Every structure is written in structure tokens, then in C-alpha cells.
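Participant: predicted coordinates and the sequence they were generated for:
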Amino acid sequence: MARNEKEVPELQGTLSDQAYRRLKNDIVHGRLAPGTRLAVRQLSDSYEIGASPIREALHRLVGEGLVVAIGQRGFRVPPISLEDLHDVTRTRAMIEAEALRQSLRKGDDAWEANVVASFHQLSKLEREGDPSADFGEWEKRNQAFHQALVAGCDSRWMQRLRGILHDQHRRYRYLSIHNSSHRHVAEEHEALRDAAINRDEERATEVLMAHIGRTESTVVEILRDQEGAKRKPRRTRSTAED
């Protein structure tokens, strides 16, 4: 008799983790757009993973705020809004800044070497190519650099909260990466690296807050433009044009 998911708990866990990672990635990068209804059967067919692992993954993502449970009617991707953007940005900045301060105080030589190495990988892409042309690779290196900066912070809860907020902010950063030609992101990262390896807490947190704030400002412009486009009335032809 062929084994199924219910007969193999290890497989169930593996498939649930796989579904979780794929769903999370698709939500963060906008492939599952804000407001999209997440039907278990449809997702099961799309990912070729059983309904039970999909459902488990959705419940995990509800706990992280990346999926919204709608009573007995299923699940949706959370909407994007200015109010949510401000809340996520403000909270992330507070947690990230404190984690960075603790990291600068406690980070050892290995921590410093990792900051330098991760910055080098990120800056190669930012200075030699177009980050928006390969967003996936840029996002991977950007995340590695920011994680390296706070890796010296030994607060488990702060790291956990930071991770959740970072993922929430990534949904908005995905919008900004294609509309940030006026920013000098490479210089922002360089200033952050310099302040970090110099253990300058005041300068490092100042640069970090400005860095996060610029992303927020870019996304605010995008969302307002989108709202304006929705409200703009369609132009009708006049009698003379008929």
C-alpha cells in the first residue's frame, strides 16, 4: 500500500515546512498580492503539496501576521496600507535600533568580520549591477548584511520580533526597490558598516533610522500615487470628438 502524508509524520512536517517557506516567499515578494484570497485547494494544486501541510503553513503565517484568517471563510494576504506601513516601520525601527546597539556592545572579532564580509557581497551587486534587475539576489545579500549587523545581540526575543517585523517590512520594500533611482542605497549601507565597525552607537542608530525611513518615504509616494490613480475619473470623449 502506498504511503500517504498521514502515515508518515516526518513527511508531513517536511511538506509543511516546504509549504510555509514557499507561501512566505510568494507573499513577501508580492507574487501573492495583498488582499488575495488563499484557497487551500487552489494552493495545494499550485504547489503540488497536500491540503494538510498547506493548512498548517497558513496557520503558522497567521501567527506571523503574513496571513489573515477570515473566520470560517478561509485566509487572505493582508492588505497594504499607509497606516500599516507607518506602524510596521516605527516598530521595526525601534526594535532594530536596540538590537544594533546591543550588537555593537557585545559583538566580537568574528562578528566584525562577518559584517565586513556581508557588506562586501552586497556592495558588489549594488555598485557593479542593478539591484532591481535581480531583486531576489539583492534581497538575499541585503538581508544577510542587516542580519550580520545585529548578530551580536543575544536577546532571543528581540531577534524573534525583529525577524517578524523584518518580513513585514520586506513586503513594502519590494515596492520601493523598483522606484528608488533617486536613492544612494550603496552609500547608506557603507555608512552603516563604517559606524558599526567603529562601534559608534549614536552614529549607527542614526544612519539605520534614516535608512529605514527613506524606504518608508519612497513607499508612501508609491501608495499615494496608486490611490490617486484609482480615484482619477476616466476621461470621456466629448461630442466634438465623436
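Facilitator: Thanks, I have it.
Participant: so what's the spatially most central residue of the chain up against?
Facilitator: The centroid of the chain falls nearest to residue 170 when counting by C-alpha atoms, centre = their mean (1.9 Å). By C-beta atoms under 8 Å, 6 or more residues apart in numbering, the contact list for residue 170 reads 28, 29, 139, 143. Quick note: C-beta positions are derived from backbone N, CA and C, even for glycine.
Participant: how does it look with 7 Å?
Facilitator: residue 28 (C-beta atoms under 7 Å, 6 or more residues apart in numbering).
Participant: got it, and residue 114?
Facilitator: Residue 114 makes contacts with 148, 151, as judged by C-beta under 7 Å, 6+ apart.
Participant: now the helices for the protein?
Facilitator: 9-28, 40-47, 51-63, 82-106, 109-128, 135-150, 156-177, 185-197, 201-231 (DSSP state H).
Participant: nearest to residue 73, out of those helices?
Facilitator: Proximity to residue 73, assessed across the helices of the chain by C-beta to C-beta, is greatest for helix 40-47 (11.8 Å).
Participant: next one: that closest one to chain centre, how far?
Facilitator: With C-alpha atoms, centre = their mean, to the nearest Å as the basis, helix 40-47 stands 23 Å off its chain's centre.
Participant: helices and strands around that helix, which ones?
Facilitator: Judged by 3 or more C-beta pairs under 7 Å, 6 or more residues apart in numbering; DSSP states H and E, the packing partners of helix 40-47 are helix 51-63.
Participant: can you tell me how far residue 219 is from residue 49?
Facilitator: Relative to residue 49, residue 219 is positioned 32 Å away (C-beta to C-beta, to the nearest Å).
Participant: more neighbours, those two?
Facilitator: Using other C-beta atoms under 10 Å as the criterion, residue 219 and residue 49 rank with residue 219 on top: 23 against 19.
Participant: could you report the neighbour count for the nearest residue to that one once chain neighbours are set aside?
Facilitator: Sequence neighbours aside, residue 172 is the residue nearest to residue 219 in space, at 4.7 Å (criterion: C-beta to C-beta, 6 or more residues apart in numbering). Residue 172 has 21 neighbouring residues, counting by other C-beta under 10 Å.
Participant: my guess is residue 172 contacts residue 87. True?
Facilitator: No - if you go by C-beta atoms under 7 Å, residue 172 and residue 87 don't touch, sitting 11.2 Å apart.
Participant: quick one on the thing from earlier: residue contacts, the residue nearest to residue 219?
Facilitator: Contact analysis of residue 172 by C-beta under 7 Å, 6+ apart lists 80, 85, 219.
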